[in-house]
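Peer 1: what follows is a predicted protein model with its sequence.
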Amino acid sequence: MLEQRIENYWDGRADSYNEVVQREMACRKKQAWESLLRKYAGEQDNLRVLDVGTGPGFFAILLSGLNYSVTAVDKCEEMLRQARKNAALAGKTIKFLKADAHAVDLPDRSLDLIVSRNVTWLLPNPLEVYQEWHRLLKPTGKVLVFDANWHLHLSDPELQAEHDRYVALAMAKGYRHNTSPAQQQENEAIARKLPLTYEKRPLWDEQAFRRCGFQQVVIEENISPLVHDEMEQLLYAPTPMFAICASK
């Protein structure tokens, strides 16, 4: 089953992904992400926020630091273990739940904001998830999605060539993968089975959000200079990170 395979993969990546998040917490990226969250979410205290696919809790901790009331979900138990530990170390009170993105056990119209980072590309049924998020939001609620076309190169030969060229350039400058060859192979095999590997985003997302009933969709096509370091900007040059803010 694909969903179980995804869960197993990310449970196995929890420790190494937590190391990435720890480095983000200790550098300028933390402030850059806080600025982006403030820009789109606003400055109100006690907004009720859901962090979907929290991983080791990076966004959940930042959002709690902005005085929001945060619930964070992930389907991987090992990620939640890291997130709970990181939140405790940061002195943040966050409600963590094990849940799928398309089936969150919260009431209709109960949230002000839903946030996800590097999650939506992993969804087997992304349209179903956007429908679920529309259900969960209050009438003035917003969704923030931060993601990229991480694996579009698998379905586009020209983009694959460009992807390979930038990986070679990055490796010549000292970049090394933080995953094993077996993990890279499994990650690619999973990506080939996911629908958003074959869609050009954020165009697909804009259309999907409108189909789900969102009234306004604002897109920032390239936030990589804000949130990536020099090596990441080189490595991911063909597929920069984008931001989407969809208002109900």
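Peer 2: Right, received. Where do you want to start?

Peer 1: buried sites along stretch 99-111?
Peer 2: Of the residues in stretch 99-111, 99-102, 104, 106, 111 count as buried by neighbour count, 16 or more other Cβ atoms under 10 Å. Just so you know, the C-beta spots here come from the backbone N, C-alpha and C atoms, and that holds for glycine as well.

Peer 1: buried residues in the biggest strand by length in the chain, which are they?
Peer 2: Scanning the chain for the strand with the most residues, using DSSP state E, yields strand 137-147. In terms of neighbour count (16+ other Cβ under 10 Å), strand 137-147 has its buried residues at 137, 141-147.

Peer 1: buried residues, the helix or strand containing I61. List them.
Peer 2: Assigned by DSSP states H and E, I61 falls within helix 58-65. By neighbour count on 16+ other Cβ under 10 Å, the buried set for helix 58-65 is 58-64.

Peer 1: same question, stretch 115-129
Peer 2: By neighbour count with 16+ other Cβ under 10 Å, stretch 115-129 contains the buried residues 115-117, 119-124, 126-127, 129.

Peer 1: measure it end to end?
Peer 2: 12 Å (Cα to Cα, to the nearest Å).

Peer 1: identify the residues contacting it?
Peer 2: Stretch 115-129 has contacts (Cβ atoms under 8 Å, 6 or more residues apart in numbering) with 2-3, 6, 37, 41, 49-53, 58-59, 63, 101-102, 143-151, 190-191, 193-197, 201, 205, 208, 211-212.

Peer 1: sitting in strands, which of these do you find?
Peer 2: When the contacts of stretch 115-129 are checked against strands (DSSP E), the matches are 49-52, 143-147.

Peer 1: could I get the residues you listed in JSON lines, plus columns for pLDDT?
Peer 2: Below are the ones in strands among the contacts of stretch 115-129 laid out as JSON lines (pLDDT from 0 to 100):
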{"residue": "V49", "pLDDT": "97"}
{"residue": "L50", "pLDDT": "98"}
{"residue": "D51", "pLDDT": "97"}
{"residue": "V52", "pLDDT": "97"}
{"residue": "V143", "pLDDT": "98"}
{"residue": "L144", "pLDDT": "98"}
{"residue": "V145", "pLDDT": "98"}
{"residue": "F146", "pLDDT": "98"}
{"residue": "D147", "pLDDT": "98"}
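
Peer 1: thank you kindly, that will do.
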